[in-house]
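> Fold the following, please.
(chains A and B)
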Amino acid sequence: MLQSRGARTRRIALIGLSGALALSVTACAESQRDAGADNAGTFIFGAAGNPKMFDPVFNDEGETFRITRQMYDTLLQNKPGTAEVVGSLAEKWESSNEGKTWTFNLRKGVTFHDGTPFNAAAVCFNFDRWFNMKGQAAQSQMIYYGDVFEGFAANEGDAAGDPVYKNCEAKDDSTAVLNLNKAKGAFPAAFTLPSLSISSPDALKKYNADQVTQTGDSFSYSDYANLHPTGTGPFKFEGYDQGKGEITLVRNDAHWEKAKLDKLIFKVIKDENGRKQALKAGDIQGFDYPAPADYQLLRNEGQNVLIRPSFNVLYLGINQSGNPKLADVKVRQALAYGINREQFVKSKLAEGSEVATEFVPKAIAGYTEDVPKYAYDPEKAKQLLKEAGAEGLSLKFYYPTEVTRPYMPNPADTFTSISEDLKAIGINIEPIAKPWNGGYKDDVQKHGKHDLHLLGWTGDYNDAGNFVGTFFGREKPEFGFKNDQLFQALAAADGTQGDGPHAQAYQGVNKQIMEFLPAVPIAYPTPALVVGPKVQGMVPSPLTDERFNTVSLG
Amino acid sequence: MLRFIVRRLLQAIPTLLILSILVFAWLRALPGGPAGALLGDKATPEKIAELNQILGLDQPIFIQYFKFLGRVLTGDFGNSLISTQPVLSEIGFALPATLELSIAALILAVGLGIPLGYIAARFRGGFLDNATIMATLVGVAVPVFFLGYLLQFVFAEQLGLFPVGGRQDTLIGATDVTGFAVLDGLLTQEWDASWDAIVHLVLPAAALATIPLAVIVRITRASVLDVLNEDFIRTAQSKGLAGPTIRRRHVLRNALLPVATTIGLQTGLLLGGAVLTERVFNLNGIGSLLAEGIERRDYPRLQALILLGAVVYVLVNMLVDISYGIIDPRVRVR
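Below you'll find the predicted structure:
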C-alpha cells in the first residue's frame, strides 16, 4: 500500500510536469497568434518613466508633457517640425501697449472634452486660476508659470517676485485680452509652453484642481490632475493603469485636426534596452531618445530613426571665482582654442550634431554667424596661456555620472575627449566625477566648487533669453563672474519688443558673450526618436513637441 | 505555538525601529536631495532652497525623523516625489508583479530543487549525480541579469517562443481585479489573459529561479546524504523496514530541516534578484520602483520600500521557524 502511494505520487508529479510543459507550449502558440491580431488604429509608444500627473501647470518634465500635449491645446503652438510660433486655440494674436497687452482671436466652435464650450471666458479663467493660485506647495510646483510670469497675486514663497500678469478680459466670446505689468521677450513664444495649456473651467472646479496638499516630504494632487484631465486636444484621457504602467487616450472626434488613430497608449518601459527589445518585438511602435550608438542597428532592422533639429547646447562651464587665472580672458580663450570640437562632434555625438559657435542653437531667433569664433588651434592656445602667465595651470574638472541628457548622451566620453585636448596644451586636469543628483548639480550650481564643468540646456520655447538669459543674466556660482554690462545688455534684449528688434538685440548680446567668453559652447547635439516601419506621419520636433494626431499605422 | 509567534512578533519591533533610524539617516546622508531631482534641469539653487523649506528638509534630522515616525505610525508613508501618488498605493500596484515573479520562481526552485537533490543523493556518484552537480555549479555562478538577457536573446529574440518582456500583451485588454495577472484571468474566466500572463512569466521566473534552484539542489543532496549515514537509518534498515518507508518517514523528514532554512533564506534573496530580473524583463514591480527611487532620491518611496522589505524579511524568517516546529516538534519545546 505504502509503496503504491509513493509510486502514485511520482506518477502524478510526472503527469503534472509534462502537463505544465504542454500547456506552456500551447500558450506560446496562442501568444504568437495574438501578436498577429488586428490592432490597427492603436499606437503604443514606449515611455521611459511614469507620468507625474496630468494637470499641465504643475508639471515640469518631458514624460508627462508628451502625454498632456495630446490632450490639451495651448493658445499658440510650434509649427510641426520647427520652433516657429503659429496659432492653435488662438487663430490670430497681436501685442500692443509696448508688449504689455496681448489680444487673442480665438478659434470658434471648439469644445472641451466634457462638452463645455471653449471661449474667451475659459481662457481668462485659466490665467486667473494660475495667477491667484494659493498655497506655497502649489506655487512651488508651478515651475514654468513661475519662470515666465515671475510671481503670483499673493506670493507665498521667497523665490517669487513681482508678477508679470495683471489681468485678463473676455471682450467677447472669441476675443481674450491679456494685460501684463511689464513687457517680456519670452512672449509670444512662451504661450506655446505645454504648462500653459487651457483646461475646462467646469472640470477644474468640479474636481478641485487647485487642491495641492503637502504631507510630510511630498505633495499630493487633486482628482482633476490624477483622474479627470480635461482639455480640447485631439485625444481624450481614458485611464491610467498604474499596475501595468499604461496610459490610454482615445480620439477626440470633435477636434479641428482630427487624429487618425483611434487609440493612443503610452506604455512605461524604464530600461532603454527594454524599449529597444519591445520595439523589435512589435510590443510598442516607438520610443524616445534611442542611444546614438544604436541608430544604425535600428535602421538595419527596418525601424525609422527620426532626428530632431537641435534645440539645445552643450557647454564647458568656467568658474572664474574658483581660480584667479580663469578671470583672465586670455586663459578662457586658450581653453576655447585648445578644444578640438569638430573632432569631438564627429566622433562622439549623433549624426546631425554640429559644433556650437554661441550659446543659442541655430533654430532660435537671435542666433548670428557674426560672433568671434575659436577654431581649433592648440599652438595659439599655448601662446595665450604663456601671455597670461598661466603655463602649467591646474584645474578641477567636474563631470557628472549616472546621467544622460539630450545635450550630453555620454558625459564620461565628453569629459575624456575635452580633457585630453586640454592636457595637450599643457593644462593639468584634476578629474572629479560626481553623480548627477548625488552632488554634481549642488557642487557646480550652488557651491561653485569647480574650475571647469560640463552642462547644457534644452530650450523650452523659441526665445534666446530662455538660453543666454538663464545662463548669464545674473551672478551665479556656476560661472562666478559679475559683469554688469552683460547683465544689463541681457535685460535690455529681453525687454525689446517686435520680432525683428528682439532678435537683433540678442544677436548683439551673443556677440558680446562670445567676446567675454564666460564659458565655451561645445556642440548642438541632436536627439532622436524612433518609430516602427509601419508608422507614418510622425514629425520630429526640435522642442520634442510631437503631436500624435498626424500619426497613422500603415 | 501562538506564544511562540507573539514572542517573535514582539522581538521584531525594536529591529524595525532601529532599521527605520538607519534608513532615515542613510538617505539624508546621501549627497544631493529630492528637491534638485524633483525640480529637474530647470532648478535654480533658490528654488531648491524654497522647496527644501516647504518639505521640511531644512529642519534638524531628529525632528524630521520624529515627524516621519509619527506619520508612519498612523499608516501614512507620504506620496512619492516622482509619481506624486501615495507610496503605499504605488507599492500596492507594483507588488503583484514582484510577488507573481517570486512565487513562480520559488515554485520552480523548490518543485525541481528538492526532487533533483534527492535523486542526485540516491544515485550518488552516478551520471545523474555528476550532471546535477555540474549544472548547479554553473547555476550558482551565473548572475541573474546575464542569464535574463541570455534567455531573452535565445528564447524570445532568436526562437520567438516567449515574449521579450512585460507582464501581459497590452492589446489583450485583461480585466484588473487583484492586480495578479494570472489570477485575474482565472477569476474573470479570461483564459487568454491568464495564459498570456503565464507565458510572460516563464523566462523571468526561469532566470530568477536558477540560483535558488541550484542552492536547493545542493543542500537537499548534502542533507539527504548526511541522513543516510545516520545510525537510525541503519537501525531502521536492520529492523527490515521497506526502502520507500525509510526514505519518506526518516530520510526526507530529517533531511528537509536544513532545506527549509535554505528556502527561507533564498526567498529573501529572491526579492533582491527580482529587482534585476524586473529591470531586464520590464515587469514594473518593486524592483523598478526601488531603482528609480534611488536614482531620484525619492525619500518617501525608499523609506517605505526598505521598511516593507524588512517586515517581509522578518515574516519570512518567522515562517521558517514555524515550519521548523512543524517538521521537528522538538523545536517548539525549546
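> residues from the stretch 351-500 of chain A in reach of chain B?
Applying C-beta under 8 Å from any C-beta of the partner chain, we find that the stretch 351-500 of chain A lies next to chain B at A:402, A:405, A:434-442, A:445-446, A:457-458, A:460, A:477. Every residue, glycine included, has its C-beta placed from N, CA and C.
> Any regions of the stretch 51-200 of chain A where pLDDT drops low?
Low-confidence segments of the stretch 51-200 of chain A (pLDDT under 70): A:159.
> how about the helices in it?
A:62-71, A:120-131, A:136-140, A:143-149 (DSSP state H, counting those that start in this stretch).
> And the stretch 201-334 of chain B, by the same measure?
B:231-238, B:243-245, B:253-281, B:286-295, B:299-327, B:330-333.
> What helices and strands are in contact with the second one?
This points to helix B:243-245. Packing contacts for helix B:243-245, counted by 3 or more C-beta pairs under 8 Å, 6 or more residues apart in numbering or on different chains; DSSP states H and E, involve helix A:2-35.
> next helix or strand past the helix it packs on?
Downstream of helix A:2-35, the next assigned helix or strand under DSSP states H and E is strand A:42-47.
> Can you name every helix or strand that that following strand contacts?
Short answer (3+ C-beta pairs under 8 Å, 6+ apart): strand A:42-47 packs on helix A:62-71, strand A:263-268, helix A:272-281, strand A:286-288.
> Give me the buried positions along the last one.
Applying a neighbour-count criterion of 16 or more other C-beta atoms under 10 Å in any protein chain shown, one finds A:Gly286, A:Phe287, A:Asp288 buried in strand A:286-288.
> Between those residues, which sits nearest A:Ala363?
The closest of those to A:Ala363 turns out to be A:Asp288 (C-beta to C-beta; 19.0 Å).
> Report the separation between that closest one and A:Gln536.
From A:Asp288 across to A:Gln536, the span is 18 Å (C-beta to C-beta, to the nearest Å).
> Report whether stretch A:162-174 contacts chain B.
No - using C-beta under 8 Å from any C-beta, stretch A:162-174 stays clear of chain B, with a minimum separation of 15.4 Å.
> Mind listing what's buried along that stretch?
Buried, per 16+ other C-beta under 10 Å, within stretch A:162-174: A:Pro163, A:Val164, A:Tyr165, A:Cys168, A:Ala170, A:Ser174.
> tell me the contacts of the third one?
Under the criterion of C-beta atoms under 8 Å, 6 or more residues apart in numbering or on different chains, the contact list for A:Tyr165 reads A:Phe127, A:Trp130, A:Phe131, A:Phe149, A:Leu178, A:Leu180, A:Asn181.
> what's the closest of the residues you listed to A:Lys258?
Distances from A:Lys258 to those, taken by C-beta to C-beta, are shortest for A:Phe127, at 27.7 Å.
> Make a ChimeraX selection of the buried ones in the contacts of A:Tyr165.
Per 16+ other C-beta under 10 Å, the buried members of those correspond to this ChimeraX selection:
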select /A:127,130,131,149,178,180
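> can I get the contacts of A:Tyr165 in CSV with distance to chain B?
Output for the contacts of A:Tyr165, formatted as CSV (distance: C-beta to the nearest C-beta, whole Å):
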residue, distance to chain B
A:Phe127, 21
A:Trp130, 17
A:Phe131, 19
A:Phe149, 15
A:Leu178, 23
A:Leu180, 22
A:Asn181, 21
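> Between which two of the contacts of A:Tyr165 is the distance greatest?
Spatial extent of the contacts of A:Tyr165 (C-beta to C-beta) is set by the pair A:Trp130 and A:Asn181 at 14.8 Å.
> returning to what we had before: can you put the helices and strands packed on strand A:42-47 in CSV and add distance to A:Asp451?
Output for those, formatted as CSV (distance: least, C-beta to C-beta, whole Å):
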stretch, distance to A:Asp451
helix A:62-71, 31
strand A:263-268, 40
helix A:272-281, 33
strand A:286-288, 34
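> I'd like to know which of these lies nearest to chain B.
Across the helices and strands packed on strand A:42-47, chain B has its closest neighbour in helix A:272-281 (4.1 Å, C-beta to the nearest C-beta).
> remind me which residues of the chain are low pLDDT?
Unless you meant another one, I'm taking chain A. Ranges of chain A meeting pLDDT under 70: A:1-40, A:159.
> my question was about chain B
Applying pLDDT under 70 to chain B flags residues B:241, B:248-249, B:329-334.
> which residues does the most centrally placed residue in it contact?
Note on chain B: the residue nearest the mean C-alpha position is B:Leu271, at 2.4 Å, using C-alpha atoms, centre = their mean. For B:Leu271, the contacting residues are B:Thr98, B:Ser102, B:Ile286, B:Gly309, B:Val312, by C-beta under 8 Å, 6+ apart.
> One more pass at 10 Å, please.
Taking C-beta atoms under 10 Å, 6 or more residues apart in numbering or on different chains, we find B:Leu271 in contact with B:98-99, B:101-102, B:208, B:285-287, B:290, B:309, B:312-313, B:316.
> just the contacts of A:Tyr165 now: which is nearest B:Thr245?
Closest approach to B:Thr245 among the contacts of A:Tyr165 (C-beta to C-beta): A:Trp130, at 80.5 Å.
> Tell me where the stretch 401-550 of chain A has helices.
A:411-424, A:441, A:468-472, A:484-495, A:499-516.
> Highest mean neighbour count out of the ones you listed?
helix A:441 (a mean of 26; mean count of other C-beta atoms under 10 Å in any protein chain shown).
> Mind giving me the packing neighbours of that helix?
Applying 3 or more C-beta pairs under 10 Å, 6 or more residues apart in numbering or on different chains; DSSP states H and E, one finds that helix A:441 contacts helix B:34-39.
> Including distance to A:Asn78, could the helices of the stretch 201-334 of chain B go into JSON lines?
Below are those laid out as JSON lines (distance: least, C-beta to C-beta, whole Å):
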{"stretch": "helix B:231-238", "distance to A:Asn78": "81"}
{"stretch": "helix B:243-245", "distance to A:Asn78": "78"}
{"stretch": "helix B:253-281", "distance to A:Asn78": "35"}
{"stretch": "helix B:286-295", "distance to A:Asn78": "30"}
{"stretch": "helix B:299-327", "distance to A:Asn78": "35"}
{"stretch": "helix B:330-333", "distance to A:Asn78": "71"}
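> out of those, which comes closest to A:Phe548?
helix B:286-295 (25.1 Å).
> Against which helices or strands is that closest one packed?
Using 3+ C-beta pairs under 10 Å, 6+ apart: helix B:286-295 touches helix B:87-122, helix B:253-281, helix B:299-327.
> ok and the residue in the stretch 201-334 of chain B nearest chain A?
B:Asn282 (4.1 Å).
> residues touching that residue, list them.
Per C-beta under 10 Å, 6+ apart, neighbours of B:Asn282: A:46, A:245, A:267-271, A:273-275, A:277-278, A:283, B:97, B:163-167, B:200, B:204, B:288.
> now B:Leu137
Here B:Leu137 is in contact with B:Ala214, B:Arg218 (C-beta under 10 Å, 6+ apart).
> cool, and B:Arg28?
Neighbouring residues of B:Arg28 by C-beta under 10 Å, 6+ apart: B:Leu57, B:Ile61, B:Gln64, B:Tyr65, B:Arg297, B:Tyr299.
> which residues does the residue lying closest to A:Lys423 once chain neighbours are set aside bridge with?
Once flanking residues are discounted, A:Lys423 sits nearest to A:Ile429: 5.8 Å by C-beta to C-beta, 6 or more residues apart in numbering or on different chains. Taking DSSP bridges, one finds A:Leu395 as the beta-bridge partners of A:Ile429.
> wait, isn't A:Ile429 in contact with A:Glu420?
Yes - A:Ile429 is within contact range of A:Glu420, at 8.8 Å (criterion: C-beta atoms under 10 Å).
> As TSV, the contacts of B:Arg28 with distance to chain A and neighbour count would be great.
Shown next, in TSV, are the contacts of B:Arg28 (distance: C-beta to the nearest C-beta, whole Å; neighbours: other C-beta atoms under 10 Å in any protein chain shown):
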residue	distance to chain A	neighbour count
B:Leu57	7	18
B:Ile61	13	12
B:Gln64	8	19
B:Tyr65	12	16
B:Arg297	6	24
B:Tyr299	5	26
